[in-house]
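Participant: turn this into a structure:
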Amino acid sequence: MIDIQKKSFYSLAALLFIFSTKAAAQHTVVSGIVTDAKDKSTLPYVTVSYKGSKIAAKTDAEGKYKLSSAAPYNQIQVNYVGYKSLVLAVVPGKTQVLNIKLQEEAQSLHEVSISSAKKARYKNKDNPAVELIHKVIAHKPLNRMQSDLAVQYQQYDWMQFSLSNLSDKFKNKKVFRKYQFLFDEQDSTQVGGKTILPVYLRERLSQNYYRKNPEKTKVIMLADKHVNFDANLVDNNALGNYFERMYADVDIYKNNIVFTNSQFLSPIADGAPAFYKFFITDTIKTHSPQLIELSFIPRNENALLFEGKIYITMDGNYAVQDAFLKIGKNVNMNFIRALEVKLNFEQDSSKKYHLNKSHLLMDFGLGAEKGRGFVGERSVVIKDYQTNVPQPDTLYKGEALVVAPDAEKRSDQFWAANRLDTAANVKLKIYGNIDSLGQMKSFKRMMDVVSILFIGYKKFGPVEVGPFYSFYSFNKVEGFRMRLGGRTTTDFSTRFYLEGYGAYGFKDEKWKGLFSGAYAFNNKSIYTFPQSFVRATVQRDIDEPGDQSKTLVPEDNFVSSFTRGQNNRFLYNDFYKVEYMQEYANHFSFNAGFRKWTQRPAGVLTYSNLVNGQENGIEQITSSELNLELRFAPKERFYQGKRFRERLVEKYPVFELNYSRGFKGFFGGEYNFHNLVGTIDKRFYLSQLGRSDVRVEGGYVSGKVPFPLLTIHPANLTYAYQVYAYNMMNFQEFVSDHYVSLNIDHNFNGLIFNRIPLFRKLKWREYLTFKGLYGGLREENNPYKNPELLQFPVNENGVPITYSLGKKPYMEASAGVGNIFKVLRFDVVRRFNYLENPDVSKWGLRAKVQFEF
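Facilitator: Next comes the predicted model:
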């Protein structure tokens, strides 16, 4: 009996085993990876389901998915916002791997239309799409990072720039014959065309912290890797900063998004319904929570606005789940042929949405859409996003950005483990390519030519000769002027720097020159930020009277030789200067030093005073002074050139305070005085109304001094429009010992012309400027009250040409049209008062060459 029971039990077990094996074999199991068909990047949170069922799965952060069902399904459906939906065949009852590539939707939003017998006029009132966007706007404060008490996350980003749309003919040119390894091939449908030439790549990994009360942010840069060009030609860090400025972080919840220093209005800005048209174009029920696809187009196609789609969560948060933004071809932007932004958000532990990934792509070019150009892209990936995790106060002390000491020395193994975006892996060969390129003799020769043309210097071992743009110039006193100079490089020393030039005027037959020696405490360069050096300089040269430090045309520039009116008053200057320069990481700096300045009049300019009513000629005057210059430029970014810095003008102010103390009897000084000048520069972004650059300046000179040591207000006698000089004022026309000034230069960015049919196509832009100066002279510094002082200069008819300001301010204004042929600006300038002064014009026309996006 027991044997029979055992046999029955074994038979039953065998049947169950056979049945279960057969059932398992009939399961339909599908797994794989979902990627973007263009850039091969993995796509997270894609919905994959068996068609006609409720069985679905989402891809993980690496794009992986897995579906399983006992039912014999033969199709799966793939849905992802912004991409074309797919239905794919599968084999029922089998376990299989199916990797999926999704194509982006390419529909132009201008094709969105409403089908009806009669086309309805678009209006905001009773429009469900507008009602929805109002709810999104109302919920913005709840969906931003600032709604949490504290946030922390890790961020990885990469940024690449490449020459684009390169034809086979271009690639096979003789000049590139040795550089074929630099070129990359890609899908011809992608922005940039089939053949590109990558020239720059930067990767960064950072740990980011935010605290709400008191509000503080902290970024710890853990790793930073970028292409390194020859440091004698390019400031690599500054180049990265310049590109980063063009490709700033995109925060759709802000009212304005800045690209290339221009403000675009966000589609969910507070006032967005006044500038955009919105349409509900789809409801996505396969997503959890359900999403509403909201398409939008600009009301004015020339304005700085986007077109695209946003996907709104219908869970009561009205948060943005995904966003796809781009600009139309008629937007009033220069050199930008395409701009696309993709944003993906995910939920955190508190069920709120935060940015998970962003991708920004821009295509630059001078000509046709398919012509050669420059394409750049930046991708940001965020992980380990945590909210309301308290951090000690010590974390937020010090600078907002801290770079780890070994950030630029991370190993290849470190980067392989910490690249959060797999799309970056295919771009890494550029590091080796640029290193190989730098070793090629033909490339070095090419860079020598580039250095001469664009920088002005030619390198000879440890010395550079130049700048060549100052080799030839002319003026009324010197006639034809020749100049040649040079300086040492870091190949000579990273501590000691020498610089000098010699010049000769063939009319005045005088030699001029400069010699300077410096010692850098940072053991890098006297030009490397943060600067720290001492320098001694001796200079003898000729210059125009007045403060030329803020003009845009460098001295000795050939262009500055062309002037309006009689520009025949000059000074021979002898300078002896010692200075100590120190900058700090927070962009505060000071420059302390001593200067002895001897000036002798030249041309028709003479110095004289009155002794017993008789004119007494004075050959020269000498001042000896101690100087202190303070400067604070919070969050400043700049490009460091060979001998200058090009500040990247942004919204942050710049404060400067300069103090000079003159001593009589000290190293030949003849005057006791104090001179204090303060300046504030600020750019104001006004969204769709454009932007204003504002400068406020004030100065005060105490003590009894001759007019050359007072403030001689900067005048522009050239035909080139200058922003920080008075374009209708004559040289030496006004002097002050106390003054305040206001300078406003406003760019409307085509606000008016964009609405006029003919001008709309030209993409011209409107400018308005105002310059006001209020000041005067105290009696002790007025030559008419004190004849022993140097008298104001007079012209050939004995009429004074230098004045003090009276009770009314000096004022001039201009209206300009810019972006003519994308590079020219013309201003009609109007001077409003002091028109009775000699050789004064009420109206003037000035031109300016400026490159703006």
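
Participant: now do the buried residues in stretch 164-172.
Facilitator: Buried residues in stretch 164-172, defined by neighbour count with 16 or more other Cβ atoms under 10 Å: Ser164, Asn165, Leu166. For glycine as for every other residue, the C-beta is placed from the backbone atoms N, C-alpha and C.

Participant: tell me the one of these nearest Met729?
Facilitator: If you rank those by distance to Met729 using Cβ to Cβ, Ser164 comes first, at 46.3 Å.

Participant: surely the closest one is in contact with Val375?
Facilitator: Yes - here Ser164 reaches Val375: they are 4.0 Å apart, a contact under Cβ atoms under 8 Å.

Participant: give me the subset of the buried residues of stretch 164-172 that lies in strands.
Facilitator: Counting by DSSP state E, the part of these found in strands is Ser164.

Participant: can you redo the buried residues of stretch 164-172 as TSV with distance to Gln146 and pLDDT?
Facilitator: Converted to TSV, the buried residues of stretch 164-172 look like this (distance: Cβ to Cβ, whole Å; pLDDT from 0 to 100):
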residue	distance to Gln146	pLDDT
Ser164	38	76
Asn165	41	74
Leu166	44	72
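
Participant: out of the buried residues of stretch 164-172, flag the one nearest to Val696.
Facilitator: Distance to Val696, by Cβ to Cβ, is smallest for Ser164 among these, at 43.0 Å.

Participant: against Ser687, how distant is the closest one?
Facilitator: Between Ser164 and Ser687 the distance is 31 Å, computed by Cβ to Cβ, to the nearest Å.

Participant: tell me how far the spatially closest residue to Gly593 that is not a sequence neighbour lies from Gln599.
Facilitator: The shortest distance from Gly593 to any residue other than its chain neighbours is 3.2 Å, reached at Glu579 (Cβ to Cβ, 6 or more residues apart in numbering). Applying Cβ to Cβ, the value for Glu579 to Gln599 is 19 Å.

Participant: how about Ser804?
Facilitator: Ser804 sits 20 Å away from Gln599, going by Cβ to Cβ.

Participant: before we move on, what about Ala272?
Facilitator: As judged by Cβ to Cβ, Ala272 and Gln599 stand 59 Å apart.

Participant: now Tyr652
Facilitator: 37 Å.

Participant: okay, these two: which has more neighbours?
Facilitator: When Tyr652 and Gln599 are compared for neighbours, Gln599 comes out ahead with 20 against 14, by other Cβ atoms under 10 Å.

Participant: just give the nearest non-adjacent residue to that one, would you?
Facilitator: Using Cβ to Cβ, 6+ apart and skipping residues adjacent in sequence, the residue nearest Gln599 is Leu571, 4.8 Å away.

Participant: now Gly373: closest residue in space that isn't a chain neighbour?
Facilitator: Gly373's closest residue in space is Gly365 (Cβ to Cβ, 6+ apart), at 2.9 Å.

Participant: quick one: residues contacting the one you found.
Facilitator: By Cβ atoms under 8 Å, 6 or more residues apart in numbering, Gly365 lies in contact with Ser164, Asn165, Phe335, Arg337, Gly371, Arg372, Gly373, Phe374.

Participant: show me the beta-bridge partners of Asp541.
Facilitator: With beta bridges defined as DSSP bridges, Asp541 has these partners: Asn573.

Participant: is it in contact with Lys512, as I believe?
Facilitator: Yes - at 4.4 Å, Asp541 and Lys512 qualify as touching, with contact defined as Cβ under 8 Å.

Participant: overlap in contacts of those two?
Facilitator: Ala503.

Participant: give me the element Tyr724 is part of.
Facilitator: Using DSSP states H and E, Tyr724 sits within no helix or strand.

Participant: ugh, wrong one, I meant Tyr652
Facilitator: Counting by DSSP H and E, there is no helix or strand that carries Tyr652.

Participant: residues touching it, list them.
Facilitator: So Tyr652 contacts Ala633, Pro634, Lys635, Glu636, Lys682 (Cβ under 8 Å, 6+ apart).

Participant: equivalent analysis for Ser525, please.
Facilitator: So Ser525 contacts Thr490, Thr494, Tyr497 (Cβ under 8 Å, 6+ apart).

Participant: which of the three states applies to it?
Facilitator: Secondary structure assignment for Ser525 (DSSP: H, G, I helix; E, B strand; the rest coil): coil.

Participant: any idea how far it lies from Met482?
Facilitator: Using Cβ to Cβ, we find Ser525 at a distance of 29 Å from Met482.

Participant: same thing with Ala70?
Facilitator: Separation of Ala70 from Met482 (Cβ to Cβ) stands at 92 Å.

Participant: what about these two, which has more around it?
Facilitator: Neighbours of Ala70 and Met482, each counted by other Cβ under 10 Å, are more numerous for Met482; the result is 14 against 11.

Participant: the more buried one - that's part of a strand, no?
Facilitator: Yes - per three-state DSSP, Met482 lies within a strand segment.

Participant: so it sits against Tyr472, correct?
Facilitator: Yes - counting by Cβ under 8 Å, Met482 touches Tyr472, with 6.5 Å between them.

Participant: what segments of the stretch 301-450 of the chain are strands?
Facilitator: For the stretch 301-450 of the chain, the strands defined by DSSP state E, counting those that start in this stretch occupy 307-313, 320-326, 336-347, 353-365, 373-387, 401-403.

Participant: would a markdown table of those with distance to Leu709 and mean pLDDT be doable?
Facilitator: As requested, these are arranged in a markdown table below (distance: least, Cβ to Cβ, whole Å; pLDDT from 0 to 100):
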| stretch | distance to Leu709 | mean pLDDT |
| --- | --- | --- |
| strand 307-313 | 59 | 93 |
| strand 320-326 | 56 | 93 |
| strand 336-347 | 49 | 89 |
| strand 353-365 | 49 | 88 |
| strand 373-387 | 50 | 89 |
| strand 401-403 | 42 | 90 |
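
Participant: got those strands as CSV, with distance to Thr95 columns?
Facilitator: Shown next, in CSV, are the strands of the stretch 301-450 of the chain (distance: least, Cβ to Cβ, whole Å):
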stretch, distance to Thr95
strand 307-313, 33
strand 320-326, 32
strand 336-347, 30
strand 353-365, 31
strand 373-387, 31
strand 401-403, 49
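
Participant: so which of those strands comes closest to Leu222?
Facilitator: strand 401-403 (8.9 Å).
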